[in-house]
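# prediction below, plus the sequence it came from.
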Amino acid sequence: MIACLRREHREIESRLDRFAAALESGDNQAAHAVFLEAWPLAREHYCREEGAFFAAVRQHLPALAAKMELQHEEAREIAAHLEDPDLPEPEWQSLARRWLAITQHNLIEEERDLFVLAEKRDILKS
């Protein structure tokens, strides 16, 4: 399961890199188009993690599971605003940068902490 989640991370990361480049260029239209590719991947990934994987993690590492779930929720909240076509450009730019930061941060923490500890403690076999 963790190998599959890691593969999904690579796919999401490639979209996030494109999103960051579009934001940096100042082309909000291009950035929005890439966001609309990246967000569904991240949202579906979050749903997969929050199923059996987080249930198993929660039994052994409840604080870490809760932390990851809060990051997912923050990304969802921001994404809901970014999907609003009437959001003024300066607000969209600011929220887009925040969404990028929390999404990247979440992937890093999952890779560095969550996946490593889950494998080390053999949580999925418990």
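Structure's in. What do you need? Numbers count the residues shown, from 1 in each chain.

# so what touches the lengthiest helix in the chain?
If you go by DSSP state H, the chain has its longest helix at helix 2-25. Helix 2-25 has contacts (CB atoms under 8 Å, 6 or more residues apart in numbering) with 30-31, 33-35, 37-38, 41-42, 45, 48-49, 53, 93, 96-97, 100, 103-104, 107, 110-111, 115, 118-119, 124. Where you see a C-beta, it was placed from the backbone N, CA and C, and this is true even at glycine.

# also stretch 57-68?
49, 54, 106, 109, 110, 113, 114, 117, 118, 121, 123, 126.

# where does the prediction get shaky in this structure?
Within the chain, the stretches with pLDDT under 70 are 126.

# tell me the centre residue of it?
Nearest residue to the geometric centre of the chain (CA atoms, centre = their mean): residue 103, 3.8 Å.

# just to revisit the earlier point, and the helix or strand following the longest helix of the chain, which residues are buried?
Remark: after helix 2-25, the chain's next helix or strand is helix 28-48, criterion DSSP states H and E. Within helix 28-48, the residues that count as buried by 16 or more other CB atoms under 10 Å are 28, 31, 32, 34, 35, 38, 39, 41, 42, 45, 46.
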